[in-house]
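> Fold the following and give me the result.
(chains A and B)
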Amino acid sequence: MKTVTLEIDGKKIEAKGGMTLLEAARELGIEIPTLCYQEQLAPYGACRLCSVEIIKGERSRVVAACVYPVEEGLIVKTDSPRVVSIRRMLIEFMLAVAPRTKVIEDLAARYGVEGTRFEAEANLCILCGLCVRYCAEVKKANAIGFVGRGISRQVAFLPEIASKTCMSCRECFSLCPTAKIPRETDGVCFLDLTVDDFLSRQSK
Amino acid sequence: MAGRLTSIVDLERLRDEILAKRQGRRFISVSNGSDGRTRGSWEVIRAFVDEIEKQGLEKEVEVKSTGCHGFCQMEPIVLILPEGICYVQVKPEHVSEIISKTLIQNEIIEQFLYRDPVTGQGITHESEIPFYKGQARLVLGNNRFIDPWHIDDYIALGGYSALAKALDKMTPEQVLDEVKRANVRGRGGSGFPAGIKWETTRNAPEKIKYVIVNADEGDPGAYMDRGLLEGNPHGVLEGLIIGAYAIGVHEGFVYVRQEYPLATENVIHAIEQAEEYGLLGENILGSGFDFTVTVHRGAGAFVSGESSALMTAIEGKVGEPRPKYIHTSVKGIWERPSNLNNVETWANVPLAIGRSADWYNSIGTEGSKGTKIFSLVGKVKNTGLVEVPMGTSLRDIIYDVGGGIPNGRRFKAVQTGGPSGGCIPEQFLDTPVDFDQLTELGSMMGSGGMIVMDEDTCMVDVARYFLNFLSEESCGKCIPCREGLRQMLNILNRIIEANGKEGDIELLEELSEVVIDASLCALGGTAPNPVLTTIKYFRNEYEAHIKEKRCPAKVCKPLISYYIQPDKCQACLICLRNCPAGAIHGGKGLIHWIDQEKCTKCGVCLEVCPPRFDAVAKLSGEPVPPPLPETKVIRKRVAQ
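The predicted structure is shown next:
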């Protein structure tokens, strides 16, 4: 693919076509925060922390840097007031879902978010999907997946597969940014669990 | 059954044959779509078939089971053709009279006619009924003449002649130019010009490409596409084949939502018939152009109507949107260029090609051409499917076609564009309805839902209803949409539950901005519209809920109380006996009063209190007066 020239936070860069804005920014040493991004997984675009503002001609809009491809002549602002206010709100959302979690607290500190205006509905899972995607894309095990949609969406182990494969793997434990998986499955030998055990643990 | 047509001459010959056979025949067209069937249209059709056989009229009269005629409220509708005599709310027991009087003796039966609500006069002809008068049913009107299971009915109306014209006389480029020149805009959402979309897919480098009919119509209260696909599936297919020819595509999909079994059945049957006739498949009408269509059923998710989610679903995965920074028209199903348009858009294509772009351009406004079908529902006298030229004012649609607001109530707002649209207040009733004008008002055309609301509607409650719908129907993948809608819904719920706080309106606005800006797909990108437009036009209602704990429309239960007015109560015991919570005190000759602690606010007391007493009142934002001391409540019944 041919190279394209674009400008990120005032710095010109020649990037390979097909690269994402996030990759191009990182080459320039510009740090865009991410949560659902993982180099070995396909970009997902769900946490939207990597939102950046792009300007094309007269128009500006917000896109997710982890999935947006570089384009000739694009002007990108990774830290504009519009972008920062989006990130601050996203952090407030996550503080309600996953309070007292190091990753989220670090982000809050970085963006000066002192607390959340929303009621805590702590279940710890921010649905970044790292566990689900890692299990599917890297391990090809599909032992964990999404259940439900909208505000009822959650992550759940699939008992039939998980009871056979998870014990020997546990690789999603360290991927989970809020440590929900290790906290809730701590010390349990998957091989000893029946399908019913799994279901009852998950419904807690 | 005509067998395979191998040329355009074949098609024209078949058309002549069908028309010749119909010379002098009369037709009884019975509206038999999903809505008609729930009101007994099948039984009416069976009664007609039996009666015609009994009277030996099979040669002269034919019964047609057609799709929806539009005036849903009057179903089952019987239309006698060619005269256009229209009988409404027909029952099977009326059938023999209709045959013996109207068909044999040419006599009009007054009692089955539609009555003009103003004059009370019976109206004989369909075209004179006010509901139809203000309409221009270029697309939907064909439903009346077509049994969707008989391709011959469509051909008799000139069906597939636009396809024949395109294949015979036009190059794909010319077809594309004509659609661009006609400026057919997408009827499914934001009104993107179809021709430009087609061109993008046409120019995309991949060899294998797709065209798709989006029939995942999910907006609450909207059923335009169902009406079209059930009633005239060939009209949609013809548009699709023409599009496929222009774009250079050989494979297409019809994505029908799970909840439309009849539409699915009818479109599958239509595809089979079109294949038998050589209008689909290899070498269509001997032109050398090949095209096949597959029907894909949805699994019951609103979000699958979003183009990238729909394509993901066709791939066999969970219907979740994916980032569209490269358009689906370039990278869609299996990463191949895929052009998607909704049902109504495809159904407009044969008009633009069959007649001409110039003709098409003569209807509508500067930026929006042709007609638009709306489903007119809610607090309006005439509900149904309405097709009007673009640019018709909201007032004309609601008052002329819709007949205005029932029960003497006042108009408050009209919600257009489904859950992603907005509420438009009275001062904009004269706005001409087109894509750009509605967007300017903060709403949108969407697919054409139009919900009329009267003064008894609480706008905060309306916003909460749509937000609740979207928070359940969002896929839940991205944080701004999932968590943003969750928090917005929490705030609206607390406002309705009398716990609204100073600053809640501003917080809703702040949240809306983030949800719109940062969401992954258009569901989140438009979800706050019902909240933003109600705040914009009805801010005082939000303020009343928050500051005065008052619901001006007296809808929100936690903010209202029921109260029996002692000076009006006749101590008749009716409410007391009907109260399911046992919250009403008093007795024979004793004025009744409601124990507010026990009251569940079900409103039964208000419903059953005889209108001549009118003693039960709904209060909001004011304290309920305490019950009178018992010694004072004995009163004599007022003589009637």
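
> Domain-wise, how is chain B divided?
B:18-129, B:151-361, B:371-454, B:459-547, B:560-639 (automatic domain parsing).

> Quick one: mean pLDDT for the fourth one?
Confidence over domain B:459-547, taken as the mean pLDDT, stands at 97.

> what does chain A have sitting close to chain B?
Contacts of chain A with chain B, taken as CB under 8 Å from any CB of the partner chain, map to A:43, A:45-48, A:51, A:61-64, A:67-69, A:82, A:85-86, A:89-90, A:93-94, A:96-97, A:117-119, A:121, A:126-127, A:129, A:146, A:148-153. For glycine as for every other residue, the C-beta is placed from the backbone atoms N, C-alpha and C.

> For ChimeraX, write a command that selects the buried ones of these.
Buried members of those, defined by 16 or more other CB atoms under 10 Å in any protein chain shown, are picked up in ChimeraX with:
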select /A:43,45,46,47,48,51,62,63,64,67,68,69,82,85,86,89,90,93,94,96,97,118,126,127,129,146,149,150,151,153
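
> quick one: which of the residues of chain A next to chain B sit in strands?
When DSSP state E is applied, the residues of chain A next to chain B are split such that A:51, A:61-64, A:146 fall in strands.

> From start to finish, how long is stretch A:127-135 in a straight line?
14 Å (CA to CA, to the nearest Å).

> quick one: average pLDDT of it?
95.

> Also stretch B:405-413?
For stretch B:405-413, the mean pLDDT works out to 96.

> from the chain's centre, how far out does it sit?
Relative to the mean C-alpha coordinate of its chain, stretch B:405-413 is positioned 20 Å out (CA atoms, centre = their mean, to the nearest Å).

> Ends of it, what's the gap?
Distance across stretch B:405-413, first residue to last, is 11 Å (CA to CA).

> Residues in contact with that stretch: which ones?
Outside stretch B:405-413, the residues that touch it by CB atoms under 8 Å, 6 or more residues apart in numbering or on different chains are B:379-381, B:398, B:404, B:423-426, B:429, B:452-457, B:459, B:462, B:537-538.

> In strands, which of the residues you listed fall?
Counted as lying in strands by DSSP E, out of these, are B:423-425, B:452-454.

> quick one: which of the residues you listed is most hemmed in?
Scoring the ones in strands among the contacts of stretch B:405-413 on neighbours with other CB atoms under 10 Å in any protein chain shown, the highest-scoring entry is B:Cys423 at 29 neighbours.

> Now the buried members of the contacts of stretch B:405-413.
B:379-381, B:398, B:404, B:423-425, B:429, B:452-454, B:457, B:459, B:462, B:537-538.

> Pretty sure B:Cys609 sits against B:Leu573.
No: proximity of B:Cys609 to B:Leu573 does not meet the contact threshold set by CB atoms under 8 Å, at 11.1 Å.

> more neighbours, these two?
Legend: neighbour count by other CB under 10 Å for B:Cys609 and B:Leu573, higher for B:Cys609 (24 against 15).

> For that one, give its distance to chain A.
40 Å (CB to the nearest CB, to the nearest Å).

> do the same with B:Glu75
34 Å.

> Neighbours of that residue, how many?
25.

> Can you name the element that comes right after the helix or strand that B:Glu513 is a member of?
Following DSSP states H and E, one finds B:Glu513 within helix B:504-518. Downstream of helix B:504-518, the first helix or strand assigned by DSSP H and E is helix B:522-526.

> hmm, who's touching that next one?
B:189-190, B:302-303, B:306, B:321, B:420-421, B:444, B:470, B:473-475, B:478, B:480-481, B:484-485, B:515-516, B:518-519.

> got it, and stretch A:172-180?
The contact list for stretch A:172-180 (CB under 8 Å, 6+ apart) reads A:35, A:38, A:98, A:101, A:103-104, A:123-126, A:128, A:130-131, A:134-135, A:144, A:181-182, A:185.

> Show the end-to-end separation of stretch B:56-72, please.
For stretch B:56-72, the first-to-last residue distance is 32 Å (CA to CA).

> what comes up buried for that stretch?
B:61-72.

> if we can go back for a sec, just put the ones in strands among the residues of chain A next to chain B in JSON lines and tack on distance to B:Ala347 and pLDDT.
Below are these laid out as JSON lines (distance: CB to CB, whole Å; pLDDT from 0 to 100):
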{"residue": "A:Ser51", "distance to B:Ala347": "39", "pLDDT": "98"}
{"residue": "A:Arg61", "distance to B:Ala347": "32", "pLDDT": "94"}
{"residue": "A:Val62", "distance to B:Ala347": "35", "pLDDT": "97"}
{"residue": "A:Val63", "distance to B:Ala347": "34", "pLDDT": "96"}
{"residue": "A:Ala64", "distance to B:Ala347": "36", "pLDDT": "97"}
{"residue": "A:Phe146", "distance to B:Ala347": "36", "pLDDT": "93"}
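
> With distance to B:Arg409 added, can I get these in JSON lines?
Shown next, in JSON lines, are those (distance: CB to CB, whole Å):
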{"residue": "A:Ser51", "distance to B:Arg409": "45"}
{"residue": "A:Arg61", "distance to B:Arg409": "42"}
{"residue": "A:Val62", "distance to B:Arg409": "42"}
{"residue": "A:Val63", "distance to B:Arg409": "46"}
{"residue": "A:Ala64", "distance to B:Arg409": "46"}
{"residue": "A:Phe146", "distance to B:Arg409": "45"}
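
> Looking at chain A, which residue is nearest chain B?
Using CB to the nearest CB, A:Arg153 is the residue of chain A that sits closest to chain B, at 3.2 Å.

> ok now do the residue nearest to that residue when sequence neighbours are not counted, which residues does it touch?
Distance criterion CB to CB, 6 or more residues apart in numbering or on different chains; nearest residue to A:Arg153, sequence neighbours excluded, is B:Gly476 at 3.2 Å. When contacts are counted by CB under 8 Å, 6+ apart, B:Gly476 touches A:127, A:146, A:148-153, B:482.

> give me every residue that touches residue 86.
Since you didn't name a chain, this refers to chain A. A:48, A:51, A:62, B:480, B:514, B:517-518 are the contacts of A:Ile86 under CB under 8 Å, 6+ apart.

> Please refer instead to chain B.
Contacts for B:Cys86 were tallied using CB under 8 Å, 6+ apart; they are B:77-80, B:113-114, B:123-126, B:129.

> Which single one of those residues is nearest to chain A?
B:Ile77 (38.6 Å).

> Quick check: the closest one touching B:Cys68?
No: with contact defined as CB under 8 Å, B:Ile77 does not reach B:Cys68; the gap is 9.0 Å.

> any shared contact partners between the two?
B:31, B:36.

> Share the number of residues neighbouring the nearest residue to A:Val113 once chain neighbours are set aside, please.
Distances taken as CB to CB, 6+ apart place A:Ile91 nearest to A:Val113, at 4.7 Å, with adjacent residues excluded. Using other CB under 10 Å, A:Ile91 has 22 other residues around it.
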